[in-house]
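> Build me a structure from this.
(one chain, ligands or ions: 1)
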Amino acid sequence: MKKKVFIKTFGCQMNEYDSNRIYDSIKNIGFNKTDNPINADCYILNTCHIRDKAKEKVYHEIGRVKKLFRNKKKPITVIAGCVAQAENQEMLKREPYIDIVVGPQSYHKINDLLKNHTFSKKNEETEFDSVSKFNFFDKIKNTNSKVSAYLTIQEGCDKFCHFCVVPYTRGPEYSRPFDQIIYEAEKIVKNGAKEIILLGQNVNAYSHIKNKKEYRISNIINKLNQFTELERIRYTTSHPKDMTDDLIECYSTSKKLMPFVHLPIQSGSDKMLSLMNRKHKVEDYLKVYKKLIKINPEIKFSSDFIIGYPGETEIEFQETLNLLKEIKFINSFSFIFSPRPGTKAANLETIDENITKERLKIIQEKLFNNQKELNKSMENKIIEVLVENNIESQKRLFGRNKFLTSVIFEGNKSHIGNLANVRIYKSNQNTLFGKLEKNMKAA
Ligand code: SF4
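Here you go, the predicted model:
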């Protein structure tokens, strides 16, 4: 009888992509996916280290698994992802319920780890070996059949922002071979994908050299643009320093590249950017912004902001607010700084919590207002939506517009996977609500 595997995924899109590839991989050694954790013979936690108190949350999660299986056969318990990478052997010592610890660059070993598993022997694999990982996955069919599919093209980071754990958990920057990416993209599109979201911790730092020619993310976008069945291309997450002219140019040459740029800046103050070791100034960011707007005035921008990073005074906070006057960011993320163990900023003196909370409130109000305003401006207009799935309980469809905003509207399942024209009649901060329009062209 086939064994069952359940994967609980935390964190970013890259973990989601990895979890799907783990499913694809271990299917070949007799594990079938289950959506019900209680049926699992193998329980995998694909963890995220970006979250506050990430390590402790994983141990709490294990506590829940133990409880769930109290009167059942213990599943093979695997910790994958960035917490596994950061904590490695420590996890096996601290929590005997864990059987296997496997870091994100060692997933090519997961089949062997599971095949050779015995409950009497613990195993840990946390080497940085991206080449072997992607060569291994390259031989395994990608079965993702989602309308909007992730495709990892790059992993790791060499930039070492002082607040960030990624360089320690995902290792140095690695770019997959161009041909390997295009081959996988073809398979995903054959499975039904109409949108591909290219992923990487520094996705626009993508650089692969073959026969003395350098392939950049712009080459991938231009190639995907030729796929007739594909409607949309996106990428995330990018760094301002790597927004090169060839990539900016894609916003005029590739009709399928969506006019929505998620470009983290973290602060509108040069002093803070320097303290964070961001390797760019506000002026560099604005230059990129202006070039993009010039090439395609329709583009909307989204960003990440860290509020209350050690050293931030009212002056620097005000500079961030000033930046918000220049760029009307939508769909953005803002967080109060919280130290991550192992990073340079881990031991810096933090700012009074009441002050940071107040600053966060101010900035979020501005960011949310931008979003509300934009959504409101779409009411009574017809917009183009890529229909991703149906909401069974509401008998309605779910999709996204070109700026990645959620759209909910009435319609039947036959529209899934198509671009639909939807007339918006209502909006709130996060969602547009509409009705399917027939025979009309979207704005
Ligand atoms: S560039 Fe991004 S991934 Fe790299 S260290 Fe900075 S925040 Fe982390």
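
> Any figure for the gap between residue 385 and residue 419?
Residue 385 sits 7 Å away from residue 419, going by Cβ to Cβ, to the nearest Å. Placement of C-beta: from N, CA and C, glycine included.

> which of the two has more neighbours?
Neighbour tally, residue 385 and residue 419, criterion other Cβ atoms under 10 Å: the higher count belongs to residue 385, 29 against 15.

> Need the nearest residue in space to that one, chain neighbours excluded.
Nearest residue to residue 385 in three dimensions, chain neighbours excluded: residue 399, at 4.0 Å (Cβ to Cβ, 6 or more residues apart in numbering).

> cool, residue 87 as well?
Per Cβ to Cβ, 6+ apart, closest to residue 87 is residue 55, 6.0 Å.

> show me the contacts for the one you found.
83, 86-87, 341 (Cβ atoms under 8 Å, 6 or more residues apart in numbering).

> mind redoing it with 10 Å?
With contact taken as Cβ atoms under 10 Å, 6 or more residues apart in numbering, residue 55 is in contact with 47, 49, 83, 86-87, 90-91, 94, 341.

> Please apply the same query to residue 60.
Contacts of residue 60 (Cβ under 10 Å, 6+ apart): residue 53.

> Which of the residues in the strand or helix carrying it are classified as buried?
Assessed by DSSP states H and E, residue 60 sits inside helix 54-68. Judged by neighbour count using 16 or more other Cβ atoms under 10 Å, the buried positions of helix 54-68 are 54-55, 57-59, 61-62, 65.

> Just the CA trace of the helix or strand following that helix, in PDB.
Downstream of helix 54-68, the next assigned helix or strand under DSSP H and E is strand 76-80. The C-alpha coordinates for strand 76-80 follow below in PDB (Å, rounded to 0.1, in the frame of the first residue of the first chain):
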ATOM      1  CA  ILE A  76       8.400  10.000  10.100                       C
ATOM      2  CA  THR A  77       8.800  13.600  11.200                       C
ATOM      3  CA  VAL A  78      10.900  15.800   9.000                       C
ATOM      4  CA  ILE A  79      12.000  19.400   9.500                       C
ATOM      5  CA  ALA A  80      12.800  21.100   6.200                       C
END
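
> Which elements pack onto whichever helix or strand comes after strand 76-80?
Using DSSP H and E, the helix or strand that follows strand 76-80 in sequence is helix 81-87. Applying 3 or more Cβ pairs under 10 Å, 6 or more residues apart in numbering; DSSP states H and E, we find helix 81-87 packed against helix 13-26, strand 42-47, helix 54-68, strand 76-80, helix 89-94, strand 100-102, strand 123-125, helix 166-169.
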